[in-house]
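Asks: Sequence first, then the predicted structure:
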Amino acid sequence: MAGKTATTTKERNGRVGPRRQVVIPREILERLHIREGDVVAIAERHGAIVVKPKRVVNQDDVLTPAEEKTVRRGIAQLRRGESKSWRDFKNELAR
């Protein structure tokens, strides 16, 4: 019989808190790669609530390849213990 294949998901019960907050089970969050602070899209469809991850990227928050290289180099220097105080750095810039 040709038809829709239904995905079987384990239904979990939750509770709506006093501020209309709903706790989403950890295994679902991990499977969808949703972490604290992430943005999610919420919609009502056919009497059900649909919550899905929403990837929001501000173009100003994206590094250029050159900036990424500089950051990686800086992190490597910090890991090797090659760091300077802000005061020393400002003095070098003033020269």
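Replies: Here it is on my side, so go on. Residues are numbered from 1 along each chain as shown.

Asks: ok, the closest residue to residue 32 other than its chain neighbours - contacts?
Replies: The shortest distance from residue 32 to any residue that is not its chain neighbour, by Cβ to Cβ, 6 or more residues apart in numbering, is 5.5 Å, and that residue is residue 53. For every residue, glycine as well, the C-beta is placed using N, CA and C. For residue 53, the contact set (Cβ atoms under 8 Å, 6 or more residues apart in numbering) comprises 32, 33, 34, 38, 39, 40, 41.

Asks: would you list the residues you listed in CSV and tack on neighbour count and pLDDT?
Replies: Supplementary listing: the contacts of residue 53 in CSV, determined by neighbours: other Cβ atoms under 10 Å; pLDDT from 0 to 100:
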residue, neighbour count, pLDDT
32, 14, 89
33, 9, 88
34, 17, 89
38, 13, 87
39, 9, 88
40, 13, 91
41, 11, 92
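
Asks: What does the residue nearest to residue 32 show for phi and psi?
Replies: According to degrees, to the nearest 10, the main-chain angles of residue 53 amount to phi -60, psi 140.

Asks: Likewise for residue 16?
Replies: Dihedral angles phi and psi of residue 16 (degrees, to the nearest 10) take the values phi -90, psi 130.

Asks: got it, and the one 4 residues further on?
Replies: Dihedral pair for residue 20: phi 60, psi 30, per degrees, to the nearest 10.

Asks: Right, I'll call it a day here.
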